[in-house]
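Novice: Need a 3D model of the sequence below.
(2 chains)
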Amino acid sequence: MKAVLSVLLFGLLYEIVARSGWFAQALVPTLPVVAHTLWTMLADGTMEGHAINTLYRVFAGLAAAAGFGLALGFLMARYAAVERFFLPLVSALMPIPSLAWAPVFILWFGLGNTATILIVFYAASFPMLVNTWTGVRAVNPLWLRAAGAMGASGAALFWKVVVPGALPFIITGLRLAFQRAWIAVVGAEMLAASSFGLGWVIFDAKEFLNADVMLASLAVIGAIGYVFERLVFGSLERATVARWGMLRGAKA
Amino acid sequence: MIRVANVSLEYDTPAGKVLAVDNASFGAERSEFVCLVGPSGCGKTTLLNMIAGFFAPTAGEIRVGGQAVNGQGQDRGIVFQDFAQLFPWRTALGNVAFGLEMKGVAKAERERIALEQLRLVKLEKFAGAYPHHLSGGMQQRVAIARALAYNPGVLLMDEPFAALDAMTREEMQRLLAEVWRETRKTVVYVTHNVAEAVYLADRVVVMTPHPGRVKATVAVRLPRPRDPLSVEFLEYQKQLLRHLTQ
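Specialist: Numbering: from 1, shown residues only, chains lettered A, B, ... in the order given. So this is what the prediction gives:
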């Protein structure tokens, strides 16, 4: 309810500015104009087409990043030699913005999905990796001792104690990875994609001064991000770590 | 059942070598309830952890059921002080069934046994509850059931009731005495509470700190259930306290 109120209030403020006449109508279109554009693009399927392209790139990159981050994170937490080898690399590569790789990837792979997905992968890998690594190290040693006393070792210990024990961190990692991926994909599409995707639409609309198309696309980007953040990751958390009382702090 | 023979543990710290346990010896017969009593720093938890096999002594030998202890094993169950020892992602039943699962017992069978164990600690109604919905005392009861479920001969307990309020603690002591009477496990129970030791133990091993040493061993010859307000009970408490303060 409060979320709706915040959005309405923000919309109202925008509408006042848009109708004030301080800016050209073509550059700051009123909300009904944006809504109409959004509706037209949804009705003829172009917006859905772009959104599906963007979602495909996000999830391809995110899935690869999740697999990679989980695997390497677990290995780094488990084997000191792996940690020693990869930690300096992670520290050096993590601060580089994923978009800074865009020209390099374009040079190597050309414009299109490969470069875009690689940028997303780069952006999403580190939160997944670092959170998994931290999560495993934060597993309560008492659980490991109790499990060991009950005869757990090897794969059973890993799947039945280490993974669920690290799950709060892993879910947070996935959440952050999605956010990073979602931010990265829009930028990547502006630079590296051709003809499809929400980021490309915004970039392309600039050429024609189509501010309404830009804003409509931004609304879709925001809406999809919101849905995933609140519904998908929120539900995942409620079904697991929140249900198990593994999240401390603010109660709903 | 348990033989601790001339066990020492020395470890390195930045400030130099520390002798945590110095030449400790004691034993526990089958089905005997032994309490290790002493102030913090006397090495009682360290000794228990070595019996559990979490680490090895630097000198001496520990045998359980005739076998030299080498790492952890399903012949020993362990209960810690911290409520957080339960797996929060498993229900009470799932926690209790864990050891059986590791043994490869089929699902229906292990759930039947786990429910039986929960009945022993009077928690069968809470089988489906997650640990964070249970009180501290209930969580410790689940932990006891969990340590018993795969039927180890020995139960090791590290101040399991120390973090509970006084009334719950007394209730838990009564329950544990009952569980012990029914299961006839060999128990090694660490506590700093003298009254608790007299209430529970057949034999009390008194330890003193810096370095951790066995000061005396006192057999408690009182009929059960014990009355903590009886003159004999208080006599035993005084005797233990004398050993601890001398």
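Novice: three-state assignment of the closest residue to chain A within chain B?
Specialist: The minimum distance from chain B to chain A, using CB to the nearest CB, falls at residue B:132 (2.7 Å). For the C-beta atoms, the positions are set from N, CA and C on the backbone; glycine is no exception. The three-state label given to residue B:132 by DSSP: H, G, I helix; E, B strand; the rest coil is helix.
Novice: which residues touch it?
Specialist: Neighbour list for residue B:132: A:244-245, B:88 [criterion: CB atoms under 8 Å, 6 or more residues apart in numbering or on different chains].
Novice: Quick check on those: which are buried?
Specialist: A:244, B:88 (16 or more other CB atoms under 10 Å in any protein chain shown).
Novice: can I get the contacts of residue B:132 in a markdown table with secondary structure and pLDDT?
Specialist: Below are the contacts of residue B:132 laid out as a markdown table (DSSP: H, G, I helix; E, B strand; the rest coil; pLDDT from 0 to 100):
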| residue | secondary structure | pLDDT |
| --- | --- | --- |
| A:244 | coil | 90 |
| A:245 | coil | 87 |
| B:88 | coil | 95 |
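Novice: which one among the contacts of residue B:132 gets closest to residue B:165?
Specialist: residue A:245 (20.7 Å; CB to CB).
Novice: Chain A contacts on chain B?
Specialist: Proximity of chain B to chain A is confined to B:52-54, B:72-74, B:76-78, B:80, B:82, B:84-85, B:87-89, B:98-99, B:101-103, B:130-133, B:146-147, B:150 under the rule CB under 8 Å from any CB of the partner chain.
Novice: ChimeraX command to pick out the buried ones of those residues?
Specialist: To isolate the buried ones among the residues of chain B next to chain A in ChimeraX, judged by 16+ other CB under 10 Å, type:
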select /B:52,53,54,72,73,74,76,77,78,80,82,85,87,88,89,98,99,101,102,130,131,146,147,150
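Novice: Tell me where the stretch 101-250 of chain A has helices.
Specialist: A:102-109, A:113-137, A:141-149, A:154-157, A:163-192, A:198-207, A:211-226, A:234-239 (DSSP state H, counting those that start in this stretch).
Novice: In a markdown table, list those along with mean pLDDT.
Specialist: Formatted as a markdown table, the helices of the stretch 101-250 of chain A follow (pLDDT from 0 to 100):
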| stretch | mean pLDDT |
| --- | --- |
| helix A:102-109 | 90 |
| helix A:113-137 | 94 |
| helix A:141-149 | 93 |
| helix A:154-157 | 91 |
| helix A:163-192 | 92 |
| helix A:198-207 | 88 |
| helix A:211-226 | 90 |
| helix A:234-239 | 87 |
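Novice: For residue B:171, I want the exact helix or strand it lies within.
Specialist: Taking DSSP states H and E as the definition, one finds residue B:171 inside helix B:166-183.
Novice: now do residue B:216
Specialist: strand B:213-219.
Novice: quick one: contacts of the one helix or strand residue A:83 maps to?
Specialist: According to DSSP H and E, residue A:83 maps onto helix A:80-93. Here helix A:80-93 makes contact (CB under 8 Å, 6+ apart) with A:72, A:75-77, A:126, A:129-130, A:133.
Novice: switch to 6 Å and redo it
Specialist: A:75-76 (CB atoms under 6 Å, 6 or more residues apart in numbering or on different chains).
Novice: and that helix, which residues are buried?
Specialist: Buried, per 16+ other CB under 10 Å, within helix A:80-93: A:83, A:86, A:90.
Novice: same deal with stretch A:36-53?
Specialist: With the criterion 16+ other CB under 10 Å, stretch A:36-53 contains buried residues A:37-38, A:41, A:47, A:50-51, A:53.
Novice: now swap in stretch B:147-157 and tell me
Specialist: Those would be B:147-150, B:152-157, for stretch B:147-157 by 16+ other CB under 10 Å.
Novice: Give me the nearest residue to whatever residue of chain A ends up closest to chain B, chain neighbours excluded.
Specialist: Distances between chain A and chain B by CB to the nearest CB are smallest at residue A:245, namely 2.7 Å. The spatially closest residue to residue A:245, leaving aside those adjacent along the chain, is residue B:132, at 2.7 Å (CB to CB, 6 or more residues apart in numbering or on different chains).
Novice: Kindly report the residues of chain A close to chain B.
Specialist: Counting by CB under 6 Å from any CB of the partner chain, the positions of chain A adjacent to chain B are A:140, A:142, A:146, A:148-152, A:164, A:244-246.
Novice: Out of the residues you listed, give me the two with the largest separation.
Specialist: A:151 and A:245 (25.8 Å).
Novice: Need the residue closest to the centroid of the chain.
Specialist: Defaulting to chain A. residue A:178 (2.0 Å; CA atoms, centre = their mean).
Novice: hmm, I had chain B in mind actually
Specialist: Nearest to chain B centroid, counting by CA atoms, centre = their mean: residue B:157, 1.5 Å.
Novice: That one: what secondary structure?
Specialist: Applying three-state DSSP: residue B:157 is strand.
Novice: correct me, but it touches residue B:188?
Specialist: No: look at residue B:157 against residue B:188 with CB atoms under 6 Å: they stay out of range, at 7.2 Å.
Novice: any idea which of the buried residues of helix A:80-93 is closest to residue A:24?
Specialist: residue A:90 (47.3 Å).
Novice: So in that sheet, which strands flank the strand holding residue B:216, and in what orientation?
Specialist: strand B:203-208 (antiparallel) (DSSP bridges).
Novice: quick one: buried residues of the partner strand?
Specialist: In strand B:203-208, counting by 16+ other CB under 10 Å, buried: B:203-208.
Novice: Looks like residue A:151 contacts residue B:74 (just checking).
Specialist: Yes: Residue A:151 is within contact range of residue B:74, at 4.5 Å (criterion: CB under 6 Å).
Novice: and which of the buried residues of strand B:203-208 is nearest to residue A:99?
Specialist: For the buried residues of strand B:203-208, the residue nearest residue A:99 by CB to CB is residue B:207; the value is 63.4 Å.
Novice: Please determine how far that closest one is located from residue B:27.
Specialist: 15 Å (CB to CB, to the nearest Å).
Novice: cool, residue A:246 as well?
Specialist: The spacing between residue A:246 and residue B:27, counted by CB to CB, is 41 Å.
Novice: Neighbour count for those two, which is higher?
Specialist: Neighbour count, other CB atoms under 10 Å in any protein chain shown: between residue A:246 and residue B:27, residue A:246 has more, with 19 against 15.
Novice: List the contacts of the more buried one.
Specialist: Residues in contact with residue A:246 (CB under 6 Å, 6+ apart) are A:168, B:88.
Novice: Return the backbone torsion pair for it.
Specialist: phi -90, psi 0 (degrees, to the nearest 10).
Novice: ok, now residue B:5?
Specialist: Dihedral pair for residue B:5: phi -120, psi 110, per degrees, to the nearest 10.
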